[in-house]
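[1] Give me coordinates for this.
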Amino acid sequence: METQYFGQFLEERLKEKGVGLKKLSEISGISLKHLKALSHDEFSTLPPAPYIRGYINKLGELIGFNSNEWWEKIRMTELDASPADSPPTNKFVKRSPMKKAVASAFVILIVCAAFVFASPRIFGKPTITISYPDQNPAVTASDNITLVGLVTNGSRVYVNGESVEITTDGLWEKTISLGSGINPVEIKAKKFLGGETTIIQQILYEPTANTSLNPYTPMSGI
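    Reported below is the predicted structural model:
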């Protein structure tokens, strides 16, 4: 079976719905530039992976497809770069005492620089990035929403006091139920040594919200 790329799949789904990229941009809130990049599988021109995942989740809600399944395909085939091979070393080259001293000093310098660079990671606070929803406050006509984000320099994430699983890349997501009106959502990230960061994401649930602004409105309702 021929491999299907996301851009091809997206164009086919939009053709079925009779919707163009410009209209999809208006409904989803994703810029037309980024939608064009997705439709051409130009992932290198898009923002970091958490944002791409947020786009895929939003499009899955709008035009009806398994966003998790497509995200895994994209992550494995488009976003994971293979490490470059290291050039072989010549084991038979002898080093002079001066060269050894210079090499030792260089190693010490590298170690010191690495410690200085790692200090913020060890002693600093975590950083939380929310990729979806990409507005604060956000408006939705659905009574639940899946938050997607990235935590940097943190080992644990809590959403409204409930622990959320984090991937090795720092990605996390959490589906929450909403009540009518403003729903303040507390996202807290902690690290092993005790530093923590807290942000508040405001989500407005309006069952009768304008469908052109609602990222969860089915595409068939256009």
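[2] hey, where'd the helices end up in the protein?
    Under the criterion DSSP state H, the chain carries helices at the ranges 6-17, 21-28, 32-39, 49-63, 67-74, 97-123.
[3] residues making contact with the third one?
    Contact with helix 32-39 is made by 6-7, 10-11, 21-22, 24-25, 28, 42-43, 45-47, 55, 59, as judged by Cβ atoms under 8 Å, 6 or more residues apart in numbering. (C-beta placed from N, C-alpha, C; glycine too.)
[4] Could you identify which of the helices of the chain is most buried?
    Of all the helices of the chain, helix 49-63 carries the top mean neighbour count, a mean of 22, counting by mean count of other Cβ atoms under 10 Å.
[5] want to throw the helices of the chain into JSON lines with mean pLDDT?
    Listed next are the helices of the chain as JSON lines, based on pLDDT from 0 to 100:
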{"stretch": "helix 6-17", "mean pLDDT": "88"}
{"stretch": "helix 21-28", "mean pLDDT": "90"}
{"stretch": "helix 32-39", "mean pLDDT": "92"}
{"stretch": "helix 49-63", "mean pLDDT": "91"}
{"stretch": "helix 67-74", "mean pLDDT": "91"}
{"stretch": "helix 97-123", "mean pLDDT": "67"}
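[6] There's contact between F9 and W70 in this structure, I believe.
    Yes: here F9 reaches W70: they are 7.5 Å apart, a contact under Cβ atoms under 8 Å.
[7] N144: which of the helices of the chain is closest?
    Closest to N144 of the helices of the chain is helix 49-63 (Cβ to Cβ; 10.9 Å).
[8] Right, I'll call it a day here.
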